[in-house]
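*Asks:* Okay, sequence plus prediction incoming.
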Amino acid sequence: MLDLIKKRRSCRKFTEEKVSPDEIDQILKSALWSPTSKNNRPWEFVVVEKAETLKALSQCKPHGSSFLSGAPLGIVVLGAPDKSDVWVEDCSIASIMMQMTAESLGLGSTWIQIRLRLGEEGNMAADNVKKIINAPDKLEVLGIMVFGHKEKERKPYSDDILLWDRVHYENM
Ligand SMILES: Cc1cc2nc3c(=O)[nH]c(=O)nc-3n(C[C@H](O)[C@H](O)[C@H](O)COP(=O)(O)O)c2cc1C
């Protein structure tokens, strides 16, 4: 597990190769098996592979999402506030589970933040995303997880960047 955690780096450049249906299935299983508060499971996942939809989503905010148009797969993560007051936590856990599962399959991934981010015209990026994927009003968008075959392997993390001074014992 620690080796996988050290190896996982955000990947924003992907080869043309598609993510296979079996790989997508495994990524989704890890999300659907992830823990949630009170076992409420307030998430929804929208799997996007169509190039035109990926391109539209890549334009939902001005920064940090353009690379989605060159990726083979995006999974939009949405939460239902009426099902859980901690949908953000639940959706975040599912998102990192998907990233780690992708890493275990040798795939690259990156998290695109949507919640609280503005779109190009000062509107909310989440509203842009919801329009593109036809999401109902009652759902909120957490983010878009991007997956694909890595164009290049990035250097894994090493021990020297660990912020041990952020760890406190018994009190601060
Ligand atoms: C909550 C969250 C939001 C992020 N949002 C974006 C984003 O919108 N666009 C992007 O390119 N990367 C995004 N990232 C990726 C971070 O930039 C990246 O994880 C960080 O720089 C550390 O690099 P690493 O993932 O290679 O360890 C996000 C990561 C997290 C955890």
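*Replies:* That came in fine, so what should we check first?
*Asks:* okay, CA-based contacts and neighbour counts for the rest of this
*Replies:* Fine.
*Asks:* Look at the closest residue to Arg117 other than its chain neighbours and report its pLDDT.
*Replies:* Nearest non-adjacent residue to Arg117, counting by CA to CA, 6 or more residues apart in numbering: Ala125, 5.6 Å away. Per-residue confidence at Ala125 stands at 98 (pLDDT).
*Asks:* Distance check, Ala125 against Ile144.
*Replies:* Distance of Ala125 to Ile144, given as CA to CA, to the nearest Å: 11 Å.
*Asks:* Tell me if Val76 really is in a helix.
*Replies:* No. When classified by DSSP: H, G, I helix; E, B strand; the rest coil, Val76 is found to be strand rather than part of a helix.
*Asks:* Quick one: neighbours of it, just the number.
*Replies:* Taking other CA atoms under 10 Å as the neighbour definition, Val76 ends up with a count of 23.
*Asks:* Centre of the chain to stretch 116-129, how far?
*Replies:* Counting by CA atoms, centre = their mean, to the nearest Å, stretch 116-129 is centred 17 Å from the centre of its parent chain.
*Asks:* Residue numbers of this protein in contact with the ligand?
*Replies:* Counting by CA under 6 Å from any ligand atom, the residues of the chain lying close to the ligand are 9-10, 64-65, 110-113.
*Asks:* could the residues you listed go into JSON lines alongside pLDDT?
*Replies:* What follows is the residues of the chain next to the ligand, written out as JSON lines (pLDDT from 0 to 100):
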{"residue": "Arg9", "pLDDT": "98"}
{"residue": "Ser10", "pLDDT": "98"}
{"residue": "Gly64", "pLDDT": "98"}
{"residue": "Ser65", "pLDDT": "98"}
{"residue": "Thr110", "pLDDT": "98"}
{"residue": "Trp111", "pLDDT": "98"}
{"residue": "Ile112", "pLDDT": "98"}
{"residue": "Gln113", "pLDDT": "98"}
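*Asks:* quick one: which of those residues sit in helices?
*Replies:* Applying DSSP state H to the residues of the chain next to the ligand, no entry is found in helices.
*Asks:* In strands, which of those appear?
*Replies:* Counting by DSSP state E, these place 110-113 in strands.
*Asks:* mind listing the strands for the chain?
*Replies:* According to DSSP E, the strands that the chain contains are 43-48, 73-79, 107-113, 140-149.
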